[in-house]
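# pasting the structure only:
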DNA sequence: CTTAAATCATTCACAGTATAAACGATTAGA
DNA sequence: TCTAATCGTTTATACTGTGAATGATTTAAG
């Protein structure tokens, strides 16, 4: 006998959450392409912009990413002049990364792109749906605990 | 002057939607690992299970994926005995894919894993939050139109 | 002090995922 | 009939990310 709940699964929370989430993430990635950036580059910019920053190793932990990846992300951002590397005088193994003013501008532009995308998503919803979605996602975000771009 | 809405962005719908979505997608992928499957393998099984199936090219279009990827996904599933390839007698270029009974069982197990994951997500929410989230995501899913796993 | 172990950034080799282009078999159309 | 298009497959390749090895520096032990 064929199983009974084929159709149901695509209406599941986790299915929709993951498919829509990946879709939005892809759209965001696409919007960033004009700046020659990937989401993780922006993630690094955001970490630096939030002031939580520090050494590359700390950034790697914050972003839950291999330290060697931080190197290549930072290389790219540095080559475009968005960030600076500065040896920590107190511990000359460490590289302290910081935003340049160009980097701050770039981050602002990326944020703007994100807000545009956000508006497109919001446009599909009534304001009460928007509020409810926001609250529920906020709850989930709090319990899963991740203010970091993947 | 530093820009004003640094903190705000991480509370955005699209940010939370994409980060949480990717997170859930990752957890789902992890849950599938015991079956030696990736989400896209299951996506293919789901397409076949839904009866929309047909030739590999049609499947590729449904899944929005390169035809050559369907080949390798199908190779893997065929090697585990989950699907069968059958030349279309009417057009012997086409391969018609179909689920074997083992394939149906496998799909059911994957669906079960997904429901477990779904329950974990739901456990973080009140029932009214759950309902609201479900409705809002449903609306978005409808307007973006994608009942297909990514 | 001096030497051994740990730490940070970097490089290098590699695995995994996906695509696009080239190819052979088959079918459709002029 | 023979030319062009289609389907599946193979092959080459790009891309993202990881982990292990390396070199520079710092910390800890004796």
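Good, I have the coordinates. On a predicted model such as this, the values are computed, not experimentally measured, just so you know. Numbers count the residues shown, from 1 in each chain, chains lettered A, B, ... in the order given.
# Could I get the full set of strands for chain A?
Assigned by DSSP state E, the strands in chain A fall at A:83-87, A:95-99.
# These into TSV, with extra columns for mean pLDDT?
Formatted as TSV, the strands of chain A follow (pLDDT from 0 to 100):
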stretch	mean pLDDT
strand A:83-87	96
strand A:95-99	95
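# Tell me which of those sits most buried.
Most buried of the strands of chain A, by mean neighbour count (mean count of other Cβ atoms under 10 Å in any protein chain shown): strand A:95-99, with a mean of 19. Using the backbone N, CA and C atoms, a C-beta is placed for each residue, glycine as well.
# Is that one in proximity to DNA strand C?
Yes: for strand A:95-99 and DNA strand C, the contact criterion (Cβ under 7 Å from any atom of the strand) is met by residue A:95.
# elements contacting that strand?
In this structure, strand A:95-99 packs against helix A:39-49, helix A:56-63, strand A:83-87, with contacts taken as 3 or more Cβ pairs under 8 Å, 6 or more residues apart in numbering or on different chains; DSSP states H and E.
# Report the angle between it and helix A:56-63.
In terms of direction (axes from the mean of the first three to the mean of the last three Cα atoms, to 10 degrees), strand A:95-99 departs from helix A:56-63 by 60 degrees.
# looking at the helices and strands packed on strand A:95-99, which is closest to residue B:112?
Taking Cβ to Cβ, helix A:39-49 is the member of the helices and strands packed on strand A:95-99 nearest to residue B:112, at 31.9 Å.
# which residues are contacting that closest one?
A:25, A:28-29, A:32, A:53, A:59, A:62-63, A:65, A:69-70, A:73-74, A:76-77, A:82-83, A:97-99, A:103-104, A:106-107, A:110, A:148-150, B:6, B:9 (Cβ atoms under 8 Å, 6 or more residues apart in numbering or on different chains).
# Quick one, which of those are buried?
A:25, A:28, A:32, A:53, A:59, A:62-63, A:65, A:70, A:73-74, A:76-77, A:82-83, A:97, A:99, A:103-104, A:106-107, A:110, A:148-150, B:9 (16 or more other Cβ atoms under 10 Å in any protein chain shown).
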